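Colleague: coords please:
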Amino acid sequence: MLLTIHVTPGAKSNQVIGWQGKTLKIKIAAPPVDSKANEALIDFLAARLGLKRYEITLESGRASRDKRVRIPLAEEDVLAAFTSDSR
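Modeller: Predicted coordinates for the structure are as follows:
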């Protein structure tokens, strides 16, 4: 599935904020410098979804807060992972 994410870098901690339409809002603690926030986002998604880092691909938005990420799971599995309690 292709997931649209709005990222807020430099937060106090990594956390899922919730859905805004079809966009998932996530806060990431890493700063937006030298792709640190992108790497932290991939790590966060992989841990949350039970995937390996290399299974998740940043398709677009490397220098933007709005990103599109390819995840090798069914849409309903991804929605369930981020709709339940924010871990």
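
Colleague: next, the buried residues of the helix or strand bottoming out on mean pLDDT in the chain.
Modeller: In the chain, no helix or strand scores lower on mean pLDDT, DSSP states H and E than helix 75-83, which sits at a mean of 89. Across helix 75-83, burial judged by 16 or more other CB atoms under 10 Å covers 78-79, 81-82. Heads up, the C-betas are built off the backbone N, CA and C, glycines and all.

Colleague: as JSON lines, these with distance to N14 would be great.
Modeller: Below are the buried residues of helix 75-83 laid out as JSON lines (distance: CB to CB, whole Å):
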{"residue": "V78", "distance to N14": "17"}
{"residue": "L79", "distance to N14": "19"}
{"residue": "A81", "distance to N14": "14"}
{"residue": "F82", "distance to N14": "13"}
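
Colleague: the residue of the chain positioned farthest from its centre and R62: what is the separation?
Modeller: Centroid-distance maximum for the chain: D34 at 17.4 Å, with CA atoms, centre = their mean. Computed as CB to CB, to the nearest Å, the D34 to R62 distance reads 11 Å.

Colleague: wouldn't P9 be in contact with A30 here?
Modeller: Yes: using CB atoms under 8 Å, P9 is in contact with A30, at 6.2 Å.

Colleague: between those two, which contacts overlap?
Modeller: Common contact partners of P9 and A30 (CB atoms under 8 Å, 6 or more residues apart in numbering): A37.
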